[in-house]
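1. Output the structure for:
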Amino acid sequence: MDARTEVIEKLIKENSTNKKAFAASIDMPYTTLRSMLERGIGNASIDNVIKVCKGLNITTDELERMANGEQIVPNELSQKNEKDIQKELQKLIDGLDSKSSYAAFDGGTFEGMEDEDRELLISSLENSLRIAKKLAKEKFTPNKYRE
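-> Sure thing, here's the model as predicted:
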């Protein structure tokens, strides 16, 4: 097994998932993933390697560097992180109804805001959630995975 394959298998395990669940999450047949890992990444199509790397939130360059022993911490948010952000954002938006004390914006309600202002508020909330998620990820990433 080559070093890149070992890195991929390690990252799949670290994401607390099994290979079948990972393959499903990246919309790849499990047999294709299994074949890639058994034969080695060097024998796989570049499209499949890119798909696996995206699913692990790393670039192909980062995969190579990790295979060469470098410690890389993916700084992008995972698909699960993105889903969590969208769920939390929806909760915040739902909480901004006219019955909430948080709904008053310059004397008006969330529903009564102009479209441009509403979109700006939603973008600001989403950006704040994204920053908070990234900071938490940096803070709670074990030292052994930091550069």
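2. So the closest residue to residue 32 other than its chain neighbours: helix, strand or coil?
-> Using CB to CB, 6 or more residues apart in numbering and skipping the chain neighbours, the partner closest in space to residue 32 is residue 48 (6.4 Å). No exception for glycine: its C-beta is placed from N, CA and C like everyone else's. The three-state label given to residue 48 by DSSP: H, G, I helix; E, B strand; the rest coil is helix.
3. Distance of residue 48 relative to residue 60?
-> Remark: distance between residue 48 and residue 60 (CB to CB, to the nearest Å) = 11 Å.
4. do the same with residue 129
-> In terms of CB to CB, residue 129 sits 29 Å off from residue 60.
5. These two: who's more crowded?
-> Shown here are residue 129 and residue 60; by other CB atoms under 10 Å, residue 129 has more neighbours (18 against 15).
6. pLDDT score for the closest residue to the more buried one other than its chain neighbours?
-> Once flanking residues are discounted, residue 129 sits nearest to residue 85: 4.8 Å by CB to CB, 6+ apart. We have a pLDDT of 89 for residue 85.
7. same deal with residue 52?
-> So, for residue 52, pLDDT stands at 92.
8. Was I right to think it contacts residue 33?
-> Yes - the pair residue 52 / residue 33 is scored as a contact, 7.2 Å apart, by CB atoms under 8 Å.
9. hey, where'd the strands end up in the protein?
-> With DSSP state E as the criterion, the chain has no strands.
10. returning to what we had before: for the residue nearest to residue 32, give its distance to residue 38.
-> 13 Å.
11. higher neighbour count, the two?
-> Neighbours were counted for residue 48 and for residue 38 using other CB under 10 Å; residue 48 has more, 16 against 10.
12. residues in contact with the more buried one?
-> 28, 32, 36 (CB atoms under 8 Å, 6 or more residues apart in numbering).
13. Any stretches of this protein with poor pLDDT?
-> The chain contains residues with pLDDT under 70 at 16, 72-76, 97-108, 141-147.
14. max-length helix in it?
-> As assigned by DSSP state H, the longest helix anywhere in the chain is helix 115-140.
15. Give the other helices and strands that that helix contacts.
-> Helices and strands touching helix 115-140, by 3 or more CB pairs under 8 Å, 6 or more residues apart in numbering; DSSP states H and E, are helix 79-94.
16. how far out from the middle of the chain is the helix it packs on?
-> What separates the centre of helix 79-94 from the centre of its chain is 12 Å, taken as CA atoms, centre = their mean, to the nearest Å.
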